[in-house]
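Peer 1: Quick one: sequence plus predicted model below, questions after.
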Amino acid sequence: MKLIFLKLLAVVAAGSLFVVALLVFRPADRQGGPMGQASIAEAFPLAPSSERILLQGPGGGVWVNNFYKTAKAAIPESGAVLVSRAAGYDILYYRADSGFEIAMDLSASSAGRSAAENSLFAILGAGKQELCKLKISISSLASDGDREYVPLSFCQSVFRAQ
């Protein structure tokens, strides 16, 4: 009887140690929110801190407002910054290719697209001709389920030339 009790006690002690080890040595959860979102400072500690930053696009360099300071979140696994989120669209900046994407929701209308373009225009604080130098596209879901990309409405001729 003593032997069974000692074996049971050893199993309980080993199980307890295992649970404690799992709790102590588990990796910290660095995903700051839904869809793998995190704070900008956490995800991109070397993000610029000045008021304006220089972005390079296919048409050259453009000085814009530092959207990192007002961004909603970072999406580290895709190297993206969620610049803005509004009803009907998200504005994303992809660090790898210095490109912006205005991702329209399924219910996107031409008025919604115009509002999204104006929002990006206001956030970046650069002229329309300047914005056309940058890599910016508007994405929406096509009827076949694929994402469809088009340029800003006021950059049609610039987009075709690239």
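Peer 2: Alright, I've got the coordinates.

Peer 1: residue ranges for the strands of this structure, please.
Peer 2: Counting by DSSP state E, the segments of the chain that form strands are 52-57, 60-65, 73-75, 80-86, 89-94, 99-104, 135-141, 147-150.

Peer 1: Of the ones you listed, which is nearest Glu42?
Peer 2: Nearest of the strands of the chain to Glu42, taken as Cβ to Cβ: strand 73-75 at 7.1 Å. All C-beta atoms are positioned from the backbone trio N, CA, C, and that covers glycine.

Peer 1: The closest one packs against which elements?
Peer 2: Here strand 73-75 touches helix 40-43, strand 80-86, going by 3 or more Cβ pairs under 8 Å, 6 or more residues apart in numbering; DSSP states H and E.

Peer 1: worst average pLDDT in those?
Peer 2: Of all these, helix 40-43 carries the lowest average pLDDT, namely a mean of 76.

Peer 1: circling back: tabulate the helices and strands packed on strand 73-75 in CSV, adding columns for mean neighbour count and distance to Gln56.
Peer 2: Shown next, in CSV, are the helices and strands packed on strand 73-75 (neighbours: other Cβ atoms under 10 Å; distance: least, Cβ to Cβ, whole Å):
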stretch, mean neighbour count, distance to Gln56
helix 40-43, 16, 20
strand 80-86, 19, 16
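
Peer 1: mean confidence score for stretch 59-79?
Peer 2: Stretch 59-79 carries an average pLDDT of 92.

Peer 1: now it, how far from the chain's geometric center?
Peer 2: Centre-to-centre, stretch 59-79 and its host chain are 9 Å apart (Cα atoms, centre = their mean, to the nearest Å).

Peer 1: mind checking how far the residue nearest to Phe100 when sequence neighbours are not counted is from Asp144?
Peer 2: Excluding the flanking residues, the one nearest Phe100 by Cβ to Cβ, 6 or more residues apart in numbering is Ile136, at 4.4 Å. According to Cβ to Cβ, to the nearest Å, Ile136 and Asp144 sit 24 Å apart.

Peer 1: Go through the helices and strands packed on strand 73-75 and name the closest to Leu124.
Peer 2: strand 80-86 (8.9 Å).

Peer 1: No more questions from me, cheers.
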